[in-house]
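>>> Can you look at this prediction? I've put the sequence above it.
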Amino acid sequence: MSGIGKGIASSSIARILKSKNYNVTALKIDPYINVDAGTMNPTEHGEVFVLDDGYETDQDMGNYERFLDETLPSINYMTTGRVYQSVIRKERNLEYKGRTVQVVPDVPLEVIHRIKEAQKTANADVTIIEIGGTVGDYDNILYLEAARMLKHQLPGDVAVVLLSYVHTPGHIGEMKTKPTQHANRELNAIGLQADVILARATVPIDQKRKEKIATFCNVSPERVISAPDVESIYDVPFNFEKDGLGDILCDVLGLKKHPTDLADWQAFVAKTKNGNGNKKLQIAVLGKYFMSGDYVLSDVYISVIEALKHASAHQDVSVKLSYLDSEDYEKDRSKLEELSQYDGIAVPGGFGSRGVEGIVMAIEFARTHKIPYFGLCYGMQWMVVEYARNAAGLKDANTSEVAPETKHKVIDIMPEQKEKMAREDYGGTMRLGGYPCKLHPNTIAKEAYGRGEIRERHRHRYEVNPDYIQKLSDAGLVFSGTSPDDRLMEIAELPLAAHPFMVGTQFHPEFQSRPLAPHPLFLAFIKAAAGKK
């Protein structure tokens, strides 16, 4: 079933096996025709995660990187569009030697080829493969066929794990295993037999239900793993290990059962739950992609949210996050006063014009009321616009993304991309992936990183317009991080004498924050927010 935690389950399995001293990598298969995740609607699909090599992927790749504490390459992510694109390219290049190219076996064989390339690239002992969607979908049938073929090729080297939801209807009050039985039967019809079943539920599954699932799904009761709701996603590896999942998978895969060492993970999780009770920080995440009907979708900014959690744990404080919709301030400016209750305000990435004037209002409020502010990509661009309007005297300053006719385009598209935009060739117009940045002395950024050169991941089209850098600098805005050639402004900040923490980054630092290695700028932001208490 989709949306019940396959990504976290895969990440947790990866963490457990890594803790057994195995080299582990993880892949995500998205059954969409999109070639990458860059054009998927964030309120439908969640955050777009960017890899260091520039590939736009599903948010589960971020989970893999955070749980494994490793940087993953683009070969670890595939979509139906990318797979078909590769098959068609090979056919056009006569790589199939003129024979008829068929959906089966050629598409599943391409999938298997990519899996093996990812394993080879990582030199992995174990490769975790997550197949998106739900068993029975038309969309992922070819990937399940690839799994069947791979299991046939390497019977002793492939483990099949089924994640199924065991529902407890409120009016009955009893766990019902029938949907899991049907899911397993669907899997059997495809030619696959689950080696392990992860039984997702609101509460731990009892022995009777384990035995019932085992009987009808052809697995031993020991291989039915309880996967109840937990306080934090970072608790999931411990939950799985209560039922011995790591050793079970070692048995299935013929691996030695090394001891599981999750001590560093345990220390981090303990910090997330033992934050200083006197310092309960109120942090606002101000965005415009939260709402979907009557629901608030925090998954849109999941990397930002997790980065805040990582930093707060390592600063020994607890954080309560509030998700604020910027459009509310456009409708009613008096609502800005609610921002006074927050110890810090973060504005994450985004695109387009909806809700931007509400963001500008909130940024001005944070600046004038000395509330720690952290702007990420889009959040930096609007921080620069706000400062240009209200501190540098450029009253109609704007970004050409929203107001192409404005007199003062303090944020503008890179000159070399304008021709592509004119041709409506949007696919290659963004700066994507990791780029170097040099930090300037005596700045918040340099102090936070503790070094002069960094590498961060980008996802944007627009930059600070070089024509306005001097005027903005003269008005007090400090560009503390730049590209090595000083052409592109990577970090903007106000000096500590003017504001406790007013920092914006053109890049996305959240993509490199890890539970065991929080990002330096998020640490600095949380430290400043704690200082406001």
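Yep, it's here. Remember, it's a predicted structure, so these values are computed and weren't measured experimentally. Numbering: from 1, shown residues only.

>>> How about residue 411: what's its closest non-neighbour residue?
Excluding its sequence neighbours, the residue lying closest to residue 411 (C-beta to C-beta, 6 or more residues apart in numbering) is residue 399, at 3.6 Å. In short, each C-beta sits where N, CA and C put it, glycine included.

>>> ok, now residue 312?
Spatial nearest neighbour of residue 312, chain neighbours left out: residue 319 (4.2 Å); criterion: C-beta to C-beta, 6+ apart.

>>> Can I take it that that neighbour is in a strand?
Yes - remark: residue 319 belongs to a strand, assigned using DSSP: H, G, I helix; E, B strand; the rest coil.

>>> longest helix of the protein?
As assigned by DSSP state H, the longest helix anywhere in the chain is helix 103-122.

>>> Run through who's touching that one.
Outside helix 103-122, the residues that touch it by C-beta atoms under 8 Å, 6 or more residues apart in numbering are 23, 25, 27, 29, 73, 75-76, 78, 83-84, 86-87, 90, 96, 124, 127, 129, 142-143, 145-146, 149-150, 153.

>>> quick one: which of these sit in strands?
Per DSSP state E, strands hold the following members of the contacts of helix 103-122: 25, 27, 29, 78, 127, 129.

>>> Export those as CSV, with columns for neighbour count, distance to residue 385 and pLDDT.
Formatted as CSV, the ones in strands among the contacts of helix 103-122 follow (neighbours: other C-beta atoms under 10 Å; distance: C-beta to C-beta, whole Å; pLDDT from 0 to 100):
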residue, neighbour count, distance to residue 385, pLDDT
25, 25, 41, 98
27, 25, 40, 98
29, 26, 40, 97
78, 25, 38, 97
127, 20, 45, 98
129, 23, 44, 98
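
>>> Redo the residues you listed as CSV? Include distance to residue 469.
Formatted as CSV, the ones in strands among the contacts of helix 103-122 follow (distance: C-beta to C-beta, whole Å):
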residue, distance to residue 469
25, 42
27, 42
29, 44
78, 41
127, 47
129, 47
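
>>> ok, so of these, who is nearest residue 66?
Nearest to residue 66 out of those is residue 25 (C-beta to C-beta; 14.2 Å).

>>> Give me the pLDDT value at the residue nearest to that closest one when sequence neighbours are not counted.
Spatial nearest neighbour of residue 25, excluding adjacent residues (C-beta to C-beta, 6+ apart): residue 122 at 3.7 Å. pLDDT, residue 122: 98.

>>> which one's the longest strand in the protein?
Assignment by DSSP E gives strand 276-287 as the longest strand of the chain.

>>> Give the burial count for the residue nearest to residue 312, as a bare number.
Neighbourhood size, residue 319 [other C-beta atoms under 10 Å]: 23.

>>> Can you tell me how far it is from residue 329?
22 Å (C-beta to C-beta, to the nearest Å).

>>> With residue 153 instead?
Here the criterion is C-beta to C-beta. By it, residue 153 lies 58 Å from residue 329.

>>> So residue 80 sits against residue 35, correct?
No - contact criterion C-beta atoms under 8 Å: residue 80 and residue 35 do not qualify, at 9.1 Å.

>>> Comparing the two, which residue is more hemmed in?
More crowded of residue 80 and residue 35, by other C-beta under 10 Å: residue 80, with 21 against 18.

>>> for the more buried one, what are its contacts?
Per C-beta under 8 Å, 6+ apart, neighbours of residue 80: 30-33, 139, 142.

>>> if you set the cut-off to 6 Å instead, what comes out?
For residue 80, the contact set (C-beta atoms under 6 Å, 6 or more residues apart in numbering) comprises 31-33.

>>> and which of those is nearest residue 301?
Distance to residue 301 across the contacts of residue 80 (C-beta to C-beta) is lowest for residue 32, with 20.9 Å.

>>> ok, how many other residues are close to the closest residue to the closest one other than its chain neighbours?
Spatial nearest neighbour of residue 32, chain neighbours left out: residue 79 (5.2 Å); criterion: C-beta to C-beta, 6+ apart. The local packing of residue 79 (other C-beta under 10 Å) involves 22 other residues.

>>> about what we covered before: next step: the contacts of helix 103-122 restricted to helices.
Going by DSSP H, the helices hold 83-84, 86-87, 90, 142-143, 145-146, 149-150, 153 from these.

>>> Can you flag the buried ones in these?
83-84, 86-87, 142-143, 145-146, 149-150 (16 or more other C-beta atoms under 10 Å).

>>> Max pairwise distance over these: which two?
With C-beta to C-beta as the measure, no two of these lie farther apart than 84 and 150, at 19.1 Å.

>>> returning to that earlier point: so what's the residue nearest to residue 411 up against?
By C-beta under 6 Å, 6+ apart, residue 399 lies in contact with 381, 411, 462.

>>> Let me know the distance separating it from residue 384.
Taking C-beta to C-beta as the measure, residue 399 falls 9 Å from residue 384.

>>> now do residue 346
Counting by C-beta to C-beta - residue 346 and residue 384 are separated by 16 Å.

>>> Who does the closest residue in space to residue 36 that isn't next to it in sequence form a beta bridge with?
Leaving aside its sequence neighbours, residue 36 sits nearest to residue 56 (C-beta to C-beta, 6+ apart; 4.5 Å). Taking DSSP bridges as the rule, residue 56 bridges to residue 50.

>>> wait, what's in contact with residue 56?
Applying C-beta under 6 Å, 6+ apart, the residues near residue 56 are 36-38, 48, 50.
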